[in-house]
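**Student:** Return a 3D structure for these sequence lines:
(chains A and B)
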Amino acid sequence: MWEGLATGLATALEPANLGWVAIGCVVGTVVGMLPGLGPITAIALMIPLAWGLDPAGGLILMAGVYYGAVFGGSTSSILINAPGVASTVATSFDGYPLARQGRAGHALAIAAWASFAGGTIGTLLLCGTAGYLAALALHFQSPEYMLLVILALCCVAVFAARGAVIKSLVTAVLGLMLATIGTDQGAGVPRFTFGQIELIDGLSFVLVAMSVFALAEALRLAADDDVAPPTAITDPVVLTRSEMQEIAPAIGRSGVLGFLIGMLPGAGATLASFLAYDLERRARRADAPPGDPVGVAAPEAANNAACSGSFVPLLTLGVPGSGTTAVLLGVMVSYGVEPGPRLLIDAPDVFWGVILSMYVGNLVLLVLNLPLIPLLARLIRLRHVVLVPMVLFFAMVGVYLTSLSAFDLWLMIPLAAGAFVLRRFEFPLAPLLLGFILGGLLEDNTRRTLLLYDGFDFLWQRPQSLVIALACGAVLAVGLRRHTVRQRAGRTDAA
Amino acid sequence: MRPTGAQPMVIARPVALIGCMIAFASLVPFLSLWLAVPVLLIPAFRVMGETRWPWIIGVALAIAACGWVITELLLGLTLPRGSWMQ
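**Tutor:** You can find the predicted model right below:
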């Protein structure tokens, strides 16, 4: 492991890669700060830029964007009470009241330090666990991969979308259906191409990611009004020693909790931040007035640690657990890098480089953001009149530059319109992207499993398969039970 | 089932933006990418409520010019020419 860490550190500290992580952090912070645009949109918009880089550089850039966007989301939570991403909603509960008390600088400093500490805890735990999990995953075969994909989709549907289990399953299936467009890898027959030669290779993930997230978000922003102007930062963006001592224990607890929850497919940073906030509130300040520094530090540490945790299933199993890591998987595959247990053996520089660049990214984020945040926060004033056309421009030009195909531009329109309609009806879109990206993996492994094991005999022959299948069943049962309970509660309220 | 907060006026802007996207996708093969960019941006700014025409046209042309300089001159990419040039 130490050799790998040294390789990764050397990769992460290459001047070019340091530059990319810095660019990624700043761009991610800016995009994440804009209300409505989250990490998935930020990463999707950066794909054309990453296209021209080597795999390590491109993935390091993306990791920087991811961290930056999560941090940027907390800035808009604190300053305008309009979280850029769901994972920073919990930050606004105490962050916005702190800002309203004239302590916006303090709240931002707490968020920055807590994010840094949470990211550090997450990276350390990731370094400690990734190698072991990858070694364990080497024993996995087609049946386990098939079931892991199903587990990831079930988890995203049940945990990631609060209360929208059926809607999430619907969008996951839509994603799987989009993945079937193109040539059938087994039979070599075109499927759902409608005679269009451009569809023979299937839909590119850049196109789907840009349409479903960037363009659909732009259309949604166009339909919404501008947000209120941000609270002014009148105090210095610094933390005192006593404040650090006050928040340190909560950061430690929330960091570990966030990492563990982030590792679960679908659970991710949002659940981690809410749980961390809730636990700290119960432990310390059930009746305290809003504006507690611990209430800002706990969710921030948890959501950053969860970001590191979400890389565990991606890097060790090749199965992303969230929409953001699904986009990163798509970027990896487009570079010819196949994430999974072999990644550690075949491309240790990429594996450890990505992990260590997260730590470097955290450091860069702290160094850049503490002095720059008052300046960057002015961008929150960016009105939709400028923002929406620019997102349209970057998304459409970005897709055209990666494919040089006008047909792709045409395809983006129905995809974006469809995604916008789904958003209006409150269908979560992360499961769609996850289904689309995992569709090929699911199909290949299902076909291989059915050929090798003559049906479902693998469940009895391979205990690990049975365990994962039971986990899928349990997750679905939990989700459907929650759905039923909610529906009954809704009917009771209506009566 | 009615979408949350959906109102006719609010839906008009996304629909108009989809129109801008259709115009852009139609004109890229004819005009080439960077000449078609103002066709996307000018109506998009207008749809979003910007009323200053010099600002709209200036920004759209500046963005298209910057894009052309970056991709074709600095990065050396050769993008497909518009059919009117051939």
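**Student:** which residues touch the residue nearest to the spatial centre of chain A?
**Tutor:** In chain A, the residue lying closest to the centroid (C-alpha atoms, centre = their mean) is A:Thr324, at 2.9 Å. Each residue near A:Thr324 by C-beta atoms under 8 Å, 6 or more residues apart in numbering or on different chains is listed here: A:39-40, A:43, A:66, A:310. For every residue, glycine as well, the C-beta is placed using N, CA and C.
**Student:** can you rerun that using 10 Å?
**Tutor:** If a contact means C-beta atoms under 10 Å, 6 or more residues apart in numbering or on different chains, then A:Thr324 has A:38-44, A:62, A:65-66, A:69-70, A:85, A:87, A:213, A:268-269, A:307, A:310, A:314, A:430, A:433 as its contacts.
**Student:** What's the mean pLDDT across stretch B:27-40?
**Tutor:** Average pLDDT, stretch B:27-40: 92.
**Student:** go on, stretch A:193-209?
**Tutor:** 86.
**Student:** Give the buried residues for that stretch.
**Tutor:** Within stretch A:193-209, the residues that count as buried by 16 or more other C-beta atoms under 10 Å in any protein chain shown are A:193, A:199, A:202-209.
**Student:** What are the buried residues along stretch A:52-65?
**Tutor:** Going by neighbour count (16+ other C-beta under 10 Å), the buried part of stretch A:52-65 is A:53, A:55-65.
**Student:** try stretch A:181-195
**Tutor:** A:181-182, A:190, A:193.
**Student:** Relative to B:Ile57, which of the residues you listed is nearest.
**Tutor:** The shortest separation between B:Ile57 and any of the buried residues of stretch A:181-195 is 39.2 Å, and it belongs to A:Ile181 (by C-beta to C-beta).
**Student:** Pull the contacting residues for the residue nearest to the closest one when sequence neighbours are not counted.
**Tutor:** Nearest in space to A:Ile181, with sequence neighbours left out and distances taken as C-beta to C-beta, 6 or more residues apart in numbering or on different chains, is A:Phe192 at 4.7 Å. Contact criterion C-beta under 10 Å, 6+ apart gives A:177-178, A:180-182, A:184, A:199, A:202 as the residues in contact with A:Phe192.
**Student:** Tell me which residue of the stretch 51-200 of chain A lies closest to chain B.
**Tutor:** A:Gly52 (7.6 Å; C-beta to the nearest C-beta).
**Student:** ok, now which ones touch A:Glu246?
**Tutor:** Taking C-beta under 10 Å, 6+ apart as the criterion, A:Glu246 is in contact with A:110, A:239-240, A:292-294, A:297.
**Student:** Which positions in the stretch 101-250 of chain A make contact with chain B?
**Tutor:** A:215-216, A:218-226 (C-beta under 10 Å from any C-beta of the partner chain).
**Student:** Identify those among the residues you listed that sit within strands.
**Tutor:** Counting by DSSP state E, these place none of their members in strands.
**Student:** In CSV: those residues, plus pLDDT.
**Tutor:** Output for these, formatted as CSV (pLDDT from 0 to 100):
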residue, pLDDT
A:Leu215, 88
A:Ala216, 88
A:Ala218, 87
A:Leu219, 90
A:Arg220, 86
A:Leu221, 84
A:Ala222, 87
A:Ala223, 84
A:Asp224, 78
A:Asp225, 69
A:Asp226, 63
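**Student:** Can you tell me which of these are buried?
**Tutor:** Under a neighbour-count criterion of 16+ other C-beta under 10 Å, the subset of those counted as buried comprises A:215-216, A:218-223.
**Student:** max-length helix in chain B?
**Tutor:** Among the elements of chain B assigned as helix by DSSP state H, the one spanning the most residues is helix B:8-31.
**Student:** Quick check: which element contains the residue nearest the centre of chain B?
**Tutor:** Most central in chain B under C-alpha atoms, centre = their mean is B:Leu40, positioned 1.5 Å from the mean C-alpha point. In this structure, B:Leu40 is located in helix B:33-47 according to DSSP states H and E.
**Student:** cool, and A:Ile121?
**Tutor:** Using DSSP H and E, A:Ile121 sits within helix A:104-137.
**Student:** Now that helix: buried residues?
**Tutor:** If you call a residue buried by 16+ other C-beta under 10 Å, then helix A:104-137 has these buried ones: A:104-123, A:125-127, A:129-131, A:133-134, A:137.
**Student:** so how far is that helix from its chain's centroid?
**Tutor:** In terms of C-alpha atoms, centre = their mean, to the nearest Å, the centre of helix A:104-137 is found 15 Å from the chain centre.
**Student:** Quick check: mean pLDDT of it?
**Tutor:** For helix A:104-137, the mean per-residue pLDDT is 84.
**Student:** mind listing what the residue nearest to B:Ser83 when sequence neighbours are not counted touches?
**Tutor:** What sits nearest to B:Ser83 in space, not counting adjacent residues and going by C-beta to C-beta, 6+ apart, is B:Phe30, at 5.3 Å. B:Phe30 is in contact with A:406, B:36, B:82-85, counting by C-beta under 10 Å, 6+ apart.
**Student:** and A:Phe140, that's in a strand?
**Tutor:** No - assessed by DSSP: H, G, I helix; E, B strand; the rest coil, A:Phe140 does not belong to a strand; its assignment is coil.
**Student:** tell me the phi and psi of it?
**Tutor:** phi -80, psi 140 (degrees, to the nearest 10).
**Student:** pLDDT score for the spatially closest residue to A:Gly52 that is not a sequence neighbour?
**Tutor:** Closest residue to A:Gly52 in three dimensions, ignoring its sequence neighbours and counting by C-beta to C-beta, 6+ apart: B:Leu75, at 7.6 Å. Reported pLDDT at B:Leu75 in the predicted model: 72.
**Student:** A:Val227 too?
**Tutor:** For A:Val227, the model assigns a pLDDT of 63.
**Student:** do A:Trp460 as well
**Tutor:** The pLDDT attached to A:Trp460 in the predicted structure is 83.
**Student:** now swap in B:Thr4 and tell me
**Tutor:** The predicted local confidence for B:Thr4 comes out at a pLDDT of 49.
**Student:** Equivalent analysis for A:Ala90, please.
**Tutor:** In this model, A:Ala90 carries a pLDDT of 80.
**Student:** Could you do A:Leu411 as well?
**Tutor:** 93.
**Student:** just checking, it touches A:Gln196?
**Tutor:** Yes - contact status for A:Leu411 versus A:Gln196: in contact at 9.4 Å, counting by C-beta atoms under 10 Å.
**Student:** Quick check: neighbours shared by the two?
**Tutor:** Residues within reach of A:Leu411 and of A:Gln196 at once, by C-beta under 10 Å, 6+ apart, are A:Ile181.
**Student:** re the thing from before, out of the contacts of A:Thr324, which sit inside helices?
**Tutor:** Among these, the residues falling in helices (DSSP H) are A:39-44, A:62, A:65-66, A:69-70, A:268-269, A:307, A:310, A:314, A:430, A:433.
**Student:** Which among the residues you listed count as buried?
**Tutor:** Using 16+ other C-beta under 10 Å as the burial test, the ones in helices among the contacts of A:Thr324 include A:39-44, A:62, A:65-66, A:69-70, A:268-269, A:307, A:310, A:314, A:430, A:433 as buried.
**Student:** Before I go, just wanted to say thanks for your time.
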